[in-house]
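Engineer: Could you work out the structure for the sequence below:
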Amino acid sequence: MANENQLSEIQSKIEGRGAEKRTTINQLEKLNRISNRRLSVDDKVHPLKLSWSIDRITIVGKLNDTIAYWTQNGVVFVDFEQLMRLNENQGYLKSVGTNGWQLFDQYGEDIAYIEMLKFHPDKGRIDFNPNKIGEFLKGSMKQFIHDLFLDAHFSRADIACDILGVPDDFITQYRIVDPVSFKPIYGRSGKLETAYWGSRASERQVRMYNKKLEQERKKQIVPKEIETWWRIEMQLRRGKATDWHAMVRESLDSFASPHYLPGDVKPVDRIMIKGLNQDHSEWAYISRNLKYRLRKLLKEESQNDELTNHLRETFKESANDLKIELDTWLLGLDVTEK
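Structural biologist: You can find the predicted model right below:
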């Protein structure tokens with residue numbers, strides 16, 4: 001149980017940074033655990049930077065009904081809803097609907113969403129991007145989550161990798177070759193900007209998008225030396241969130257392209273793979289056996305794919321740090337256990 005009001009501490013830290021108006025932020029500076037690699041593309045070696053991170057966390061659990069809240073007259077004990085109502089609409093916590101609240105930082109950017117579950121008012125969830133929570137807030141936020149929930153667990157964890165230095169025309173040839181839905185989004189130029197594999201309602205969805213383009217559209221700072229910047233995100237829900245390590249490895253085993261097909265692949269198969277890569281809808285018109293054979297070839301390609309292997313190696317190097325970060329949000333709960 002907290003010995004002080006964690007929301008008030010979060011607020012005081014935000015206000016203590018001064019009345020800073022919203023500014024553009026160099027998001028590249030927030031990347032940590034950057035791994036420098038090299039990638040061969042068309043007989044040219046490209047410097048490659050990879051950085052793994054936790055992009056989003058959703059925690060659910062039974063709400064604590066005895067939270068210490070400090071006032072000028074001393075401490076009183078309140079339940080979760082009373083705590084939110086006491087603090088809402090004070091500049092940093094705004095009510096959303098009838099049972100939700102949005103928490104903002106000193107720049108006016110939302111950093112967390114908190115709600116009571118509609119059909120289970122004794123339970124709640126908090127949804128946030130740990131990359132958006134500054135170091136000055138992390139300690140208070142972690143304590144707040146600990147005080148907020150009883151028997152907390154993850155219901156969603158997004159694991160992301162920023163990929164800098166890979167030519168756009170090269171990386172946009174990559175696909176998740178499992179038999180899942182594929183939704184590409186193209187820009188006005190006809191070039192791929194975002195790709196989704198799997199539905200939003202599924203336990204696992206993979207998204208790959210042009211991060212540099214996203215940052216520029218948000219008028220954020222992108223250093224001139226950054227020619228390309230892509231991000232791949234594994235969005236894991238429910239049981240898949242707790243098994244995040246295996247799910248990331250499984251996704252990478254299906255992340256393939258036509259770039260590194262084995263030399264003994266038949267020319268007709270090579271042509272079909274490239275055609276299917278360009279027009280995913282054509283998969284619906286080939287036989288089940290042919291689908292199986294071509295997907296098998298692509299998964300073999302994935303094991304030899306230079307970029308995919310860089311992703312595997314850097315994920316292995318970063319996995320322990322990612323696990324420690326996930327664990328600390330739940331103060332020691334081993335999230336790899338179901």
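
Engineer: Helix or strand next in line after the lowest-mean-pLDDT helix or strand in the chain, which one?
Structural biologist: One helix or strand of the chain scores below all others by mean pLDDT, DSSP states H and E: helix 6-16, with a mean of 59. Downstream of helix 6-16, the next assigned helix or strand under DSSP states H and E is strand 35-41.

Engineer: For that next one, name the packing helices and strands.
Structural biologist: strand 44-63, helix 306-329 (3 or more C-beta pairs under 8 Å, 6 or more residues apart in numbering; DSSP states H and E). Placement of C-beta: from N, CA and C, glycine included.

Engineer: tell me the most buried of these?
Structural biologist: By mean neighbour count, with neighbours taken as mean count of other C-beta atoms under 10 Å, strand 44-63 ranks first of these at a mean of 18.

Engineer: Can you give the distance of that one from its chain's centre?
Structural biologist: 5 Å (C-alpha atoms, centre = their mean, to the nearest Å).

Engineer: Which other helices and strands does it contact?
Structural biologist: Going by 3+ C-beta pairs under 8 Å, 6+ apart, strand 44-63 lies up against strand 35-41, strand 120-128, helix 135-148, strand 149-164, helix 306-329.

Engineer: who are the neighbours in contact with the most far-flung residue of the chain relative to its centre?
Structural biologist: Farthest-out residue of the chain from its mean C-alpha position, per C-alpha atoms, centre = their mean: residue 73, at 42.6 Å. Shown in contact with residue 73 (C-beta atoms under 8 Å, 6 or more residues apart in numbering): no residues.

Engineer: picking up where we left off before, could you point out which of the helices and strands packed on strand 44-63 sits nearest residue 65?
Structural biologist: strand 120-128 (8.1 Å; C-beta to C-beta).

Engineer: what about the helices and strands packed on strand 35-41, which gets the closest to residue 209?
Structural biologist: strand 44-63 (11.7 Å).

Engineer: Walk me through which strands that closest one pairs with, and which way each runs.
Structural biologist: Strand 44-63 sits in its sheet next to strand 35-41 (antiparallel), strand 120-128 (antiparallel), strand 149-164 (antiparallel), going by DSSP bridges.

Engineer: ok now the helix or strand that that strand is followed by, how far from the chain's centre?
Structural biologist: Next helix or strand after strand 44-63 toward the C-terminus (DSSP H and E): strand 67-71. Taking C-alpha atoms, centre = their mean, one finds strand 67-71 lying 33 Å from the centre of the chain it belongs to.
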